[in-house]
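Chemist: With the input below, show me the fold.
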Amino acid sequence: MINTYDVERTYDWNYQNGPVYNGPFPEVPKTPGKNFLGLTVNSRLGIPAGLLLNSNWIDAYGRLGFDILTYKTVRSQYRECQELPNWVYIEGDDQIDPSKLDEKQKLGASRPADGTKVTSSVSFGMPSKSPDEWMPDVARARDVLRPGQVLIVSVVASPEPESDVSEMIADFGNLAAMAREAGAQIVEANLSCPNVCTAEGDIFLDAELSGKIAAAMHKGAEGIPVLLKLGHFADNIRLAEVLQAVDGNAAGVVMVNGISRQVVTGDGKAAFGQGREMSGILGRGIHAFSLDNVKTAMDVVSNDNLSLEIVAVGGVKPYFDAGAAAVMMGSAPMFDPTLAISFKQKYPDW
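Modeler: Take a look at the predicted model:
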């Protein structure tokens, strides 16, 4: 089984040496152009913030036919990654109940037989290179795009313990401007990282704050589309309130960015080590409630006549059937880099 991200090695090793893929690069089927947030794309198939660590990763997955490519979340300052492990697999492939917040997930096999059907857990802590490194690299990523491909740059604020909310909002706005200057065609605010232990992981639950961040991002982006990455909503009313608050400044939302859970070994110890008991869950186990959130968001947009597009993360066909503007494949492309080519062959209208 291919692992283009080597989970046994550090984030920095994968940043410098990845992706672990020596080809071949199959011919990518030609498909009709589609519209995505006002930009023409070959397909509405993409990869969300997470797997594409830098321009080398953008280049490789662009050559493999993914057309909406998201540069991994960056900050206005350097932030190192958590120590190994950073990526593990969860036992079983059952759907996780999002209402059972205290339910612990058990560590599974180190190399599952079929990686495209696995549930994973990640604990990186949203690392970032410094702007003097990531901004030139974003420019390189933009340069390696093929016709019909677009570059999203994901950003997150880095609030200090003593800072106030207005400083965090300003940081998001400044980052939008920096991403645009570097070459982003779309900028995304990551409001929902489930593998951090601070409040920056659940900003999306605050409608008023999300609205203020969207406004600051819109101003900083100066005309390029703004996306907001959201987590799981247990409350449909709160989901509606957030969508209403960001409408007009955000062009769309990306959902669902996993959930936060405890992951334990067979003897009950924290899989990622002491102090990192909570981590982000992604993959097959969160598909059902993620699809439900996307469908609810689509209903809100329609019923309230909002201008937002809904970008889904996860399993492909059910989301397109639900009306998603695009589908971003999270961890599956790590295990099967040719997924976009396979989907283009079968579903050229995607």
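Chemist: C-alpha from now on. contacts and neighbour counts both.
Modeler: Noted.
Chemist: Backbone torsions only: list them for the residue lying closest to G283 once chain neighbours are set aside.
Modeler: Nearest residue to G283 in three dimensions, chain neighbours excluded: T119, at 4.5 Å (CA to CA, 6 or more residues apart in numbering). Main-chain dihedrals, T119, degrees, to the nearest 10: phi -100, psi 130.
Chemist: Please tell me I have it right and T119 contacts I96.
Modeler: No. The pair T119 / I96 is not scored as a contact, 9.7 Å apart, by CA atoms under 8 Å.
Chemist: what is in contact with these two at once?
Modeler: 285-286 (CA atoms under 8 Å, 6 or more residues apart in numbering).
Chemist: The two: who's more crowded?
Modeler: T119 (25 against 18; other CA atoms under 10 Å).
Chemist: Would you confirm that S128 contacts N54?
Modeler: No. Taking contacts as CA under 8 Å, S128 lies outside contact range of N54: 10.6 Å.
Chemist: For N236, which non-adjacent residue is spatially closest?
Modeler: T296 (7.2 Å).
Chemist: Which neighbouring elements make contact with the helix or strand containing the one you found?
Modeler: Assigned by DSSP states H and E, T296 falls within helix 287-303. Helices and strands touching helix 287-303, by 3 or more CA pairs under 8 Å, 6 or more residues apart in numbering; DSSP states H and E, are helix 236-246, strand 252-255, strand 309-313, helix 316-322.
Chemist: So for stretch 146-159, what gets flagged as buried?
Modeler: 148-159 (16 or more other CA atoms under 10 Å).
Chemist: do stretch 130-149 as well
Modeler: 131, 134-135, 137-142, 144-145, 148-149.
Chemist: Which parts of the protein are helices?
Modeler: In the chain, the helices defined using DSSP state H lie at 11-17, 55-63, 131-143, 165-182, 207-221, 236-246, 287-303, 316-322, 332-335, 339-346.
Chemist: Switch these over to a markdown table; also include mean pLDDT and distance to R79.
Modeler: Shown next, in a markdown table, are these (pLDDT from 0 to 100; distance: least, CA to CA, whole Å):
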| stretch | mean pLDDT | distance to R79 |
| --- | --- | --- |
| helix 11-17 | 98 | 12 |
| helix 55-63 | 98 | 19 |
| helix 131-143 | 98 | 11 |
| helix 165-182 | 97 | 15 |
| helix 207-221 | 98 | 21 |
| helix 236-246 | 98 | 28 |
| helix 287-303 | 97 | 29 |
| helix 316-322 | 95 | 32 |
| helix 332-335 | 93 | 24 |
| helix 339-346 | 98 | 32 |
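Chemist: Pull the residues that contact stretch 53-67.
Modeler: Residues contacting stretch 53-67 (CA under 8 Å, 6+ apart): 15, 18-19, 25-26, 28, 41-47, 51-52, 69-72, 134, 137-138, 140-141, 144-146, 148-150, 337-338, 340-341.
Chemist: In PDB, could you pull the C-alpha coordinates for the helix holding T296?
Modeler: C-alpha atoms of helix 287-303 as PDB (Å, rounded to 0.1, in the frame of the first residue of the first chain):
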ATOM      1  CA  HIS A 287     -18.600  10.100   6.900                       C
ATOM      2  CA  ALA A 288     -22.300   9.700   7.900                       C
ATOM      3  CA  PHE A 289     -22.600  12.800  10.200                       C
ATOM      4  CA  SER A 290     -20.300  14.800   7.900                       C
ATOM      5  CA  LEU A 291     -22.700  14.200   5.000                       C
ATOM      6  CA  ASP A 292     -25.600  15.100   7.200                       C
ATOM      7  CA  ASN A 293     -24.000  18.400   8.100                       C
ATOM      8  CA  VAL A 294     -23.300  19.200   4.400                       C
ATOM      9  CA  LYS A 295     -26.900  18.400   3.500                       C
ATOM     10  CA  THR A 296     -28.200  20.700   6.300                       C
ATOM     11  CA  ALA A 297     -25.900  23.500   5.100                       C
ATOM     12  CA  MET A 298     -27.200  23.100   1.600                       C
ATOM     13  CA  ASP A 299     -30.800  23.400   2.900                       C
ATOM     14  CA  VAL A 300     -29.900  26.600   4.900                       C
ATOM     15  CA  VAL A 301     -28.200  28.200   1.900                       C
ATOM     16  CA  SER A 302     -31.300  27.400  -0.300                       C
ATOM     17  CA  ASN A 303     -34.000  28.400   2.300                       C
END
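Chemist: buried stuff in it?
Modeler: Neighbour-count burial for helix 287-303 [16+ other CA under 10 Å]: 287, 289-298, 300-301.
Chemist: what's the closest of these to A240?
Modeler: V300 (6.1 Å; CA to CA).
Chemist: Next one: the residue nearest to the closest one when sequence neighbours are not counted from V301, what distance?
Modeler: Nearest residue to V300, sequence neighbours excluded (CA to CA, 6+ apart): A240, at 6.1 Å. The spacing between A240 and V301, counted by CA to CA, to the nearest Å, is 8 Å.
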